[in-house]
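**Q** Let's see this in three dimensions:
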Amino acid sequence: MYTFIILTRFSPATFEDQKKLRNMAMQVSKQIKKDCPGIRWKGSYATFGRFDMVDVVEADDPEEVAKAAMIIRSFGHATTETLMGMPWNRFLKTL
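**A** This next block holds a predicted model:
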């Protein structure tokens with residue numbers, strides 16, 4: 001299983017109505033669970049920098065992670081950047 005980090009920036013309009021934001025978050029979660037069953041969510045974090053959200057997920061299939069990122073983009077009117085992560089100790093062993 002591989003670890004992926006999904007970095008998300010929402011459009012400014014996403015934050016205009018808190019109820020809509022909560023509803024959108026629930027819709028995204030529901031759609032990803034339905035369409036991407038092989039993804040295990042490890043954590044989601046709101047951030048106050050270049051990105052609004054950071055999600056850490058695990059999956060065997062990178063295409064499923066790409067699909068999840070597309071769902072986030074479509075529901076949240078957002079842009080995403082997805083990175084593959086490797087545990088630091090594992091990385092050091094490859095050197």
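
**Q** In the worst-scoring helix or strand of the chain on mean pLDDT, which of the residues would be classed as buried?
**A** None of the helices or strands of the chain scores lower by mean pLDDT, DSSP states H and E than helix 18-35, at a mean of 91. Residues of helix 18-35 classed as buried: 24, 25, 28, 31, 32 (neighbour count, 16 or more other C-beta atoms under 10 Å). Every C-beta, even on glycine, is put in place using the N, C-alpha and C of the backbone.

**Q** Likewise for stretch 78-86?
**A** Counting neighbours by 16+ other C-beta under 10 Å, one finds that the buried residues in stretch 78-86 are 78, 80, 82.

**Q** Contacts for it, please.
**A** Judged by C-beta atoms under 8 Å, 6 or more residues apart in numbering, the contacts made with stretch 78-86 from elsewhere in the structure are 2-11, 14, 51-52, 56, 62, 65-66, 69, 72-73.

**Q** If any of those residues are buried, give me the ChimeraX selection for them.
**A** Those of those that count as buried under 16+ other C-beta under 10 Å are selected in ChimeraX with:
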select :3,4,5,6,7,8,9,10,14,51,52,65,66,69,72
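
**Q** How are the helices of the protein distributed by residue range?
**A** Using DSSP state H, the helices of the chain run over residues 18-35, 62-76, 88-94.

**Q** Would you format the ones you listed as a markdown table with distance to residue 47 included?
**A** Listed next are the helices of the chain as a markdown table, based on distance: least, C-beta to C-beta, whole Å:
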| stretch | distance to residue 47 |
| --- | --- |
| helix 18-35 | 15 |
| helix 62-76 | 15 |
| helix 88-94 | 21 |
